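A.B. asks: Model the following, please.
(4 chains)
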There are 2 protein chains.
Amino acid sequence: MARATTTSDAFNAVAEPRRREILNYLALRERAVGEIVAELGLGQPSVSKHLRVLRDVGLVRARRDGRQMLYRANAEGIRPLHEWTRTFEKFWRHQLQRVKERAENDENT
Amino acid sequence: MARATTTSDAFNAVAEPRRREILNYLALRERAVGEIVAELGLGQPSVSKHLRVLRDVGLVRARRDGRQMLYRANAEGIRPLHEWTRTFEKFWRHQLQRVKERAENDENT
DNA sequence: TTTACATATTCCCATATAGGCATATATTAG
DNA sequence: CTAATATATGCCTATATGGGAATATGTAAA
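C.D. replies: Below you'll find the predicted structure:
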């Protein structure tokens, strides 16, 4: 079996750094493809392909405006990632707590 | 160029569903490889390979205990993912807010 | 309608996968 | 030392990838 498709879910889609950059850029407001190309310094076809992936997994929405296509991030799509990572929050808190306690013990030795 | 290596960072490592399952399973406590194999119903070599990937990116720690290898999740490694997704939290809040407001407007029309 | 602009798609290729199977390595038991 | 157990690694294969170049599609301007 090969690796799962980039379009199989949000986790796979955001594994690619360029796509995370795109999402960061689209978080604040709608942008035309050309703007993204300028921002990322990547080829236009590459950007279009990344946008296609993001669109397929519902991480961006698009609408046409004249000859341009305006894309915006759909933050809702990030939520499952956030929820999953959140389940580990309490654990790294504990880990840090233990590190802290050990440091304090060392002080008194 | 091909896709980034699964071991290139935590984002790529957790893109694979099986590896997320492993992390979930290892979140609470240390487990031997055999236990993970039993839990996931996957082949032992596959599990070992997944663990290798997770170890390479620092998402799990391992220690030997007799003939067994005990693995535990290193929650700290998830933190960058959590932080990144967190930057979108305010946006999905806004989006939901807008949906809510539209619903309320429709009621009064 | 012809031209120009903006974006999407196709074709190309080197590369890394995930899993199954066989086998190597490490550790303990007899 | 030899056998048994636990895990890791190597080999195999079909598959999807990301970027670049060329080209197709869609829309507006002249």
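A.B. asks: And the contacts of stretch A:88-108?
C.D. replies: B:23, B:27, B:73-76, B:78-79, B:82 (Cβ atoms under 8 Å, 6 or more residues apart in numbering or on different chains). All C-beta spots, glycine's among them, are computed from the backbone N, C-alpha and C.
A.B. asks: again with stretch A:3-15
C.D. replies: Against stretch A:3-15 from outside (Cβ under 8 Å, 6+ apart): A:16, A:19-20, A:23, A:53-54, A:56-59, A:77-78, A:80-81, B:3-4, B:6, B:11-12, B:14-17, B:20.
A.B. asks: Dead centre of chain A: give me the residue that sits there.
C.D. replies: Among the residues of chain A, the one closest to the centroid is A:Arg20, at 4.1 Å (Cα atoms, centre = their mean).
A.B. asks: Could you report the neighbour count for the residue nearest to that residue when sequence neighbours are not counted?
C.D. replies: Using Cβ to Cβ, 6 or more residues apart in numbering or on different chains and skipping residues adjacent in sequence, the residue nearest A:Arg20 is A:Val14, 5.5 Å away. By other Cβ atoms under 10 Å in any protein chain shown, the residues close to A:Val14 number 26.
A.B. asks: From DNA strand C, how far off is A:Val14?
C.D. replies: Separation of A:Val14 from DNA strand C (Cβ to the nearest atom of the strand, to the nearest Å) stands at 15 Å.
A.B. asks: Same question for A:Arg98.
C.D. replies: 26 Å.
A.B. asks: try A:Arg61
C.D. replies: 11 Å.
A.B. asks: could you say what helices and strands the one helix or strand that residue maps to packs with?
C.D. replies: Secondary structure from DSSP states H and E places A:Arg61 in strand A:60-65. On a contact count with 3 or more Cβ pairs under 8 Å, 6 or more residues apart in numbering or on different chains; DSSP states H and E, strand A:60-65 meets helix A:17-28, helix A:44-56, strand A:68-73.
A.B. asks: Would you mind putting the ones you listed into a markdown table with distance to DNA strand D and mean pLDDT alongside?
C.D. replies: As requested, the helices and strands packed on strand A:60-65 are exported to a markdown table (distance: least, Cβ to the nearest atom of the strand, whole Å; pLDDT from 0 to 100):
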| stretch | distance to DNA strand D | mean pLDDT |
| --- | --- | --- |
| helix A:17-28 | 5 | 97 |
| helix A:44-56 | 4 | 98 |
| strand A:68-73 | 9 | 98 |
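A.B. asks: And these: which comes nearest B:Met69?
C.D. replies: Nearest to B:Met69 among the helices and strands packed on strand A:60-65 is helix A:17-28 (31.5 Å), distances taken as Cβ to Cβ.
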